[in-house]
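Peer 1: Need coordinates for the below:
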Amino acid sequence: QVQLVESGGGLVQAGGSLRLSCATSEPTFSTYPLGWFRQAPGKEREFVAAISWSGTGTDYEKFVKGRFTISKDNAAKTVDLQMNSLAPEDTAVYYCAAGNRFQPTGVWVYWGQGTQVTVSS
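Peer 2: The predicted structure is shown next:
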């Protein structure tokens, strides 16, 4: 059974940083591309970033390039999203997902419950 558990969300001021973490286990961690999505109130869920199962490939949505970094922690079996220079428009519930490729066009089959990120102005 694939389990994805997000943590690290919270309230931060504009310009601040947060680090989200998605905990999983084997074989999920080493088998699936893993990604982060977000959903703001009244909006559709959107792709944020993803990383290949090997950790050598990444993809980002253009609105987070240069501000967010996705990475894998092989020891902890987590996929992390470092978010810097946060803005109020980054406010959303952030979801971790496992799919079949590390691009937004991938089929994302498994989802976590989400973690709330709120950026105040």
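Peer 1: Low-confidence stretches in the protein?
Peer 2: Along the chain, no part satisfies pLDDT under 70.
Peer 1: send the alpha carbons of the longest strand seen in the chain over as PDB?
Peer 2: Counting residues, the longest strand found in the chain (DSSP state E) is strand 92-99. Provided in PDB are the C-alpha atoms of strand 92-99 (Å, rounded to 0.1, in the frame of the first residue of the first chain):
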ATOM      1  CA  ALA A  92      -2.700  26.700  -0.600                       C
ATOM      2  CA  VAL A  93      -3.000  23.200   0.500                       C
ATOM      3  CA  TYR A  94       0.100  21.400  -0.700                       C
ATOM      4  CA  TYR A  95      -0.200  17.700  -1.600                       C
ATOM      5  CA  CYS A  96       2.400  15.000  -2.200                       C
ATOM      6  CA  ALA A  97       1.800  12.500  -5.000                       C
ATOM      7  CA  ALA A  98       3.300   9.500  -6.600                       C
ATOM      8  CA  GLY A  99       3.000   9.000 -10.300                       C
END
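Peer 1: what residues are up against the closest residue to Ser7 other than its chain neighbours?
Peer 2: Sequence neighbours aside, Ser21 is the residue nearest to Ser7 in space, at 5.2 Å (criterion: Cβ to Cβ, 6 or more residues apart in numbering). C-beta coordinates here come from the backbone N, C-alpha and C atoms, glycine included. Residues near Ser21 by Cβ atoms under 8 Å, 6 or more residues apart in numbering: 6-8, 76, 78-81.
Peer 1: which of these tops the neighbour count?
Peer 2: Counting neighbours by other Cβ atoms under 10 Å, Val79 leads the contacts of Ser21 with 29 neighbours.
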